Structures are given as C-alpha cells and as structure tokens.
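**Student:** Dropping a prediction and its sequence here:
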Amino acid sequence: SRRNFGDNSRPARPSAASSRAVSAEYLRPAAPPRHVHGRSTAIDRDASLSRRLTASEWATVRAAETDEAKAERFRRFWSCKEAFTKGRGDGLGFPFSDCTFDLTEEDYGYDATVAVRNETLEGWRFRGGLLDADGHVVTVSRGPPADVVDKFGEFKSSLVADISTGELDADWPAFDILSLGDLVPPELVDAHRAAVAADAA
C-alpha cells in the first residue's frame, strides 16, 4: 500500500547525488497511557520526557481531550525532532529542548516548522502523519546541505552547497508500505515462508 505524505520508505542520508538533506523517522505507539493523579497521563508526568519537549509543545500535547490523542501528539513532536536531528547528522547529540515545532493539521496528516532557540529555520520542511491504523507516526524532513553536521568536513564537502526553495517545496512522493517478507531476496523467499510457517505451527 502507499501513503501520500512521505519522501521514502526508509530513513535516508544526504548524498552527493542529492541536493537536500532528507531524513525520516517513525514511532510506534507504546502501551496505552495510564492516568496518574486523575488528570495526567504517564507521558505527561514522566520527568525524563519533560525536558525533551518545549513548553509550547507540551501545551499542545496537554490540550488534547483524550489520553490516546495526547500520546499521538507526543509521538508527532518526538518524530519531528528525530527527523530534524538525524537530517542534520548529529541525532541525539542535539538537545531536543533546543528545537520547537509548530504543527499544522492537513488532510494527509501534518506539516511542521521548526525554530531553534527561538529562531525559525526557513530552510527546513517537515511532513508527517499516521502510517497505519495501529498508530505508527512518521515524519520526513528536508533541509539544506549547509546545515549538515560533519565533524571532519569530508562528507559535507561532497554535497551541493546550496539549494533552491523550489527543491525544498517539491512534491512529496508516496511511501511504499513494505512487510518484512517484501525485503527478503528472491532466492530466499521459499526459505523465509517455510520459516514463518514453522514458527506459526
């Protein structure tokens, strides 16, 4: 099946053949959040998570009417932060609390903008949504190669130095939703099916 808000079916790193930094991040739902002190969810009260989202992001999460909606909003913000920092190249080395996302609801899911230390980054684009009915959230980011973090500079020197707004705002190709079996090499398909059947027996 295909979902029409993605840029690829797996995370991608910038390459010499690409003029923009691209990253994708998806999150699966955890166990249903539990009430704590009557009105707060487990996510809402987790001290280790409280420092990862900013005040405005938490306000958006807590404004949701149900625990399930709160959890999904949290996953959206977390997915955006992962897609941004992995697109940059520093991943969890970048403090999540330093970037604030503003999400806009769309028919296909959501678009987002990012501000780092209160400065909006005009060169970044984000699009995301639900991959399936099970609540898996995915966010795809596009950004300028100039923002890629490269400690030694060799990789960054191979990238296109600048890109146009048109490239950032190009159409977002659809995701191809693949099963594990779809990734098995043709010569191993029969063995894979036999292993699955044996495991289910």
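**Tutor:** Nice, I can see it. In this text the structure is predicted, and so the values were computed from the model without any measurement.

**Student:** any idea which helix or strand comes after the longest helix belonging to the chain?
**Tutor:** Taking DSSP state H as the criterion, the chain has its longest helix at helix 67-88. Downstream of helix 67-88, the first helix or strand assigned by DSSP states H and E is strand 99-106.

**Student:** now what about the next helix or strand after that following strand, what contacts it?
**Tutor:** Scanning forward in sequence from strand 99-106 by DSSP H and E, the next helix or strand is strand 109-116. For strand 109-116, contacts defined as CB atoms under 8 Å, 6 or more residues apart in numbering pick out 5, 76, 80, 84, 98-104, 120-121, 124-130, 139. Heads up, the C-betas are built off the backbone N, CA and C, glycines and all.

**Student:** residue ranges with poor pLDDT in the chain?
**Tutor:** Low-confidence segments of the chain, defined by pLDDT under 70: 1-49, 160-163.

**Student:** how about a cut-off of 80?
**Tutor:** For the chain, applying pLDDT under 80 flags the ranges 1-51, 151-165, 174-177.

**Student:** CA atoms only: put the longest helix of the chain into PDB for me.
**Tutor:** The C-alpha trace of helix 67-88 is given here as PDB (Å, rounded to 0.1, in the frame of the first residue of the first chain):
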ATOM      1  CA  ASP A  67      -5.100  10.100  26.600                       C
ATOM      2  CA  GLU A  68      -4.700   8.400  23.200                       C
ATOM      3  CA  ALA A  69      -4.800  11.800  21.500                       C
ATOM      4  CA  LYS A  70      -2.200  13.200  23.900                       C
ATOM      5  CA  ALA A  71       0.100  10.200  23.200                       C
ATOM      6  CA  GLU A  72      -0.300  10.700  19.400                       C
ATOM      7  CA  ARG A  73       0.600  14.400  19.700                       C
ATOM      8  CA  PHE A  74       3.600  13.500  21.700                       C
ATOM      9  CA  ARG A  75       4.800  11.000  19.100                       C
ATOM     10  CA  ARG A  76       4.300  13.600  16.400                       C
ATOM     11  CA  PHE A  77       6.600  16.000  18.200                       C
ATOM     12  CA  TRP A  78       9.200  13.400  19.000                       C
ATOM     13  CA  SER A  79       9.200  12.100  15.400                       C
ATOM     14  CA  CYS A  80       9.700  15.600  14.200                       C
ATOM     15  CA  LYS A  81      12.700  16.100  16.500                       C
ATOM     16  CA  GLU A  82      14.200  12.800  15.400                       C
ATOM     17  CA  ALA A  83      13.800  13.600  11.700                       C
ATOM     18  CA  PHE A  84      15.300  17.000  12.200                       C
ATOM     19  CA  THR A  85      18.400  15.900  14.200                       C
ATOM     20  CA  LYS A  86      19.000  12.900  12.000                       C
ATOM     21  CA  GLY A  87      18.700  15.000   8.900                       C
ATOM     22  CA  ARG A  88      21.300  17.400  10.400                       C
END
